[in-house]
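Trainee: I need the structure of the sequence given here:
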Amino acid sequence: MQENKQLIKKTVLYTISIVIFIELMITFIVGITVLVIKNKNQTETIEITENKKFSKNVIMIIPDGFGISSQVLAREYEGVDFLPLDQIQKGNSHTKSASNLITDSAAGGTALSCGIKTDNGEIAMDPQGKPCLTLLEAAMIHSMATGIVVKSRLTHATPASFSAHQLSRSQELDIAVQQLNSDFGNIDVLFGGGRDMFIPVSMGGQRTDGRNLETEAEEKGYTVIHTSSELNNSNLSTPVLGLFQMEAYPYIIDRQNFTDPPTLESTSNRALQLLSQKAQQQDVYGFFLMIECSLIDFCAHQNDPACQVRETVQCNEVVKNMKNFIDSNQDDSLLVIVADHETGGLSLGSTVVLDGKNVSDYVYYPELLKSVNKSSYLMTELVYNNQSTFEEVLLNYANISNLTQSELDNLNWAVDSLSFDNLNHALSRVISQRAYLGWTTYAHTGVDVMIYAHGSHSEDFVGSMDNTDVAKNIANFLQFDLVKDRVFVENSEMSYYSTDSPKINDSFHP
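Mentor: Model prediction:
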């Protein structure tokens, strides 16, 4: 009898051991992701351990060039005590780059995508010229759905910093190739402007190599769309490439209709729907979505407060929509909003010149910006091309008349200079000074920017931190190791793709 009990006991223990062993083996096998990548010299297979067994979602919003003054101005312009961003403010981010106390969007974007400092102008590369692994690439490696939604060109510095690797941000024609040919698979959603970077000169684009990347994208399984009706097609599925403008989007203040291109609210909401749908698939572990409120920066480079405040209000609306999603997915979803830098040095209150005298007072007038219905850039185009006078555009589009002698002198000097930029700056200066708003530069500044976060692990963003820590905290939430897994991009042939294609520059980012 005793022997039978011992035998039964041994049999039970033996059975339990086998079950545990089988479970461990299944966990081990399921937990291994095998990735085949193209080495610069050969094709090799690399294995990484997949630690997480559950889905997580991250929405990262980058309001380019956005400072705290921009938010306060938007709040007062709207006449409210709080906007969506104000409700989730957490900390502040230090913005200097490896090469400069004042960062550009390439180095700033790289800090937020890779968690490393790099030199101004470099796209997801370290100062030694080696590619770094971005959050979006890590998400692709870890079988997450991925998306980028912007109002700039898709190949512009910020979106490029998550999806390409170049020593110069001006290599936008090469960046477009990299965005559609990642060794880690397709980026599921790509929405923005900059179609001219994807199509040849013969089709009105800027590609001198003759390649039509839209056609190449379709061959890789992408649906390519250009209109709001295509965006809203109920049958739309991933991967999808939406190129809604030849260049960047028009400013909100200049839009004549809100059908095309689709608004940032529309494209970001649709991206969220598409990625959420893909994340329901059995082998997909959540999603990573990067949204850029791109044109806050563009308006600030022109010191145009009426333009910028509308872009800031729109960005807050996008934040509200994304926050609503997070509220319904608190346990596994994180929303992080942080700018790459501040642009323009906006001040709320400024010394102005009246009747030849400097006048300072404890006032500013955001309500005056409601009367402005065109950007200074569009006003400048009309005057510069002799289609109107500066008196006419200021009256018709900004409700400004009775120009002071100082304003007249400055505007006449700008016209006589035959410089588009001088005229643009002179027109925006009139609008800013009438509202008692000041600017310190037409470039970026080196001040800290605010961090906003909501959802799971949002407390990790409380306090003062480096911009690289923002990326590291997101990586920790997603259980990514951006340092260890960097081997993927270092061994990827596409990470080093570069040609002698023409450099793409714009007047704001030399």
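
Trainee: residue boundaries of the helices in the stretch 1-150 of the chain?
Mentor: Assigned by DSSP state H, counting those that start in this stretch, the stretch 1-150 of the chain shows helices spanning 2-30, 68-78, 105-114, 135-141.

Trainee: Over to the stretch 251-400 of the chain?
Mentor: Under DSSP H, counting those that start in this stretch, the stretch 251-400 of the chain gives helices at 264-279, 295-301, 305-327, 376-384, 390-398.

Trainee: and if you look at the stretch 401-510 of the chain?
Mentor: According to DSSP H, counting those that start in this stretch, the helices that the stretch 401-510 of the chain contains are 405-417, 420-434, 467-478, 487-490.

Trainee: Out of these, which gets nearest to Thr238?
Mentor: With CB to CB as the measure, helix 467-478 is the member of these nearest Thr238 (19.6 Å). Heads up, the C-betas are built off the backbone N, CA and C, glycines and all.

Trainee: average pLDDT across that closest one?
Mentor: Averaged across helix 467-478, the pLDDT comes to 98.

Trainee: Over to stretch 86-99?
Mentor: 98.

Trainee: and the end-to-end length of it?
Mentor: 32 Å (CA to CA, to the nearest Å).

Trainee: Which positions within stretch 284-304 qualify as buried?
Mentor: Across stretch 284-304, burial judged by 16 or more other CB atoms under 10 Å covers 284-304.

Trainee: rewinding a little: put together CSV for the helices of the stretch 401-510 of the chain, with mean neighbour count and distance to Glu392 on each row.
Mentor: Listed next are these as CSV, based on neighbours: other CB atoms under 10 Å; distance: least, CB to CB, whole Å:
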stretch, mean neighbour count, distance to Glu392
helix 405-417, 15, 12
helix 420-434, 22, 12
helix 467-478, 21, 44
helix 487-490, 18, 54
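
Trainee: any chance of those in a markdown table, with distance to Gly349 too?
Mentor: As requested, those are arranged in a markdown table below (distance: least, CB to CB, whole Å):
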| stretch | distance to Gly349 |
| --- | --- |
| helix 405-417 | 19 |
| helix 420-434 | 11 |
| helix 467-478 | 28 |
| helix 487-490 | 46 |
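
Trainee: of the ones you listed, which approaches Lys96 most closely?
Mentor: helix 467-478 (8.6 Å).

Trainee: now for the closest one, which elements pack on it?
Mentor: strand 56-63, strand 89-94, helix 105-114, helix 135-141, strand 333-338 (3 or more CB pairs under 8 Å, 6 or more residues apart in numbering; DSSP states H and E).

Trainee: Need the contact partners of the fourth one.
Mentor: Residues lying outside helix 135-141 but in contact with it, judged by CB atoms under 8 Å, 6 or more residues apart in numbering, are 33, 35, 48, 58, 60, 113-114, 145-146, 148, 162-163, 182, 184-185, 187, 287-288, 290, 471, 474-475, 478, 480, 482, 485, 488-489.

Trainee: Can you list the low-confidence ranges for the stretch 51-200 of the chain?
Mentor: 51-54 (pLDDT under 70).

Trainee: dump the residue contacts of the closest residue to Met379 other than its chain neighbours.
Mentor: If the residues on either side of it in the chain are set aside, Met379 comes closest to Val393, at 4.1 Å by CB to CB, 6 or more residues apart in numbering. Counting by CB under 8 Å, 6+ apart, Val393 makes contact with 374, 379, 382-383, 427.

Trainee: okay, the residues you listed in TSV with pLDDT and distance to Glu218 next?
Mentor: Output for the contacts of Val393, formatted as TSV (pLDDT from 0 to 100; distance: CB to CB, whole Å):
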residue	pLDDT	distance to Glu218
Lys374	97	38
Met379	98	40
Leu382	98	39
Val383	98	43
Leu427	98	43
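
Trainee: List just the nearest of those to Leu418.
Mentor: So of these, ranked by how close each gets to Leu418 (CB to CB), first place is Val383, at 11.6 Å.

Trainee: Chain neighbours aside, what residue packs nearest to that closest one?
Mentor: Among residues not flanking Val383 along the chain, Phe390 sits closest, at 5.2 Å (CB to CB, 6+ apart).

Trainee: on that earlier part again, which one, of the helices and strands packed on helix 467-478, ends up nearest to Thr158?
Mentor: Comparing these under CB to CB, the one sitting nearest is helix 105-114, at 4.4 Å.

Trainee: What lies in contact with stretch 305-313?
Mentor: Against stretch 305-313 from outside (CB under 8 Å, 6+ apart): 63, 66, 70-71, 73-74, 77-78, 83, 251-253, 293, 295-296, 298-300, 344, 346, 366, 369, 372, 375-377, 398, 428, 431-432, 435, 437.

Trainee: Also stretch 206-225?
Mentor: Contacting residues not belonging to stretch 206-225 are listed as 173, 176-177, 180-181, 186, 195-203, 231, 233, 236-237, 239-244, 499, 501-502, 504 [CB under 8 Å, 6+ apart].

Trainee: Let me see the contact set for the residue nearest to Val383.
Mentor: 379, 383, 411, 415, 423, 426-427.

Trainee: Nearest spatial neighbour of the residue nearest the centre of the chain, chain-adjacent residues omitted?
Mentor: Centroid-nearest residue in the chain: Glu292, 2.9 Å away (criterion: CA atoms, centre = their mean). The shortest distance from Glu292 to any residue other than its chain neighbours is 4.3 Å, reached at Val150 (CB to CB, 6+ apart).

Trainee: my read: the one you found touches Gln179, true?
Mentor: No: Val150 is beyond contact range of Gln179, at 11.6 Å (criterion: CB atoms under 8 Å).

Trainee: Tell me which of the two has more neighbours.
Mentor: Between Val150 and Gln179, counted using other CB atoms under 10 Å, the more crowded position is Val150 (29 against 24).

Trainee: check contacts around the more buried one.
Mentor: Here Val150 is in contact with 156, 158-159, 191-193, 291-292, 294 (CB under 8 Å, 6+ apart).

Trainee: and if we set it to 6 Å?
Mentor: Going by CB atoms under 6 Å, 6 or more residues apart in numbering, Val150 touches 159, 192, 292, 294.

Trainee: Next one: it relative to Ala306, how far apart?
Mentor: Using CB to CB, to the nearest Å, one gets 22 Å for the distance from Val150 to Ala306.

Trainee: Return the residues in contact with Lys90.
Mentor: So Lys90 contacts 451, 453, 461-462 (CB under 6 Å, 6+ apart).
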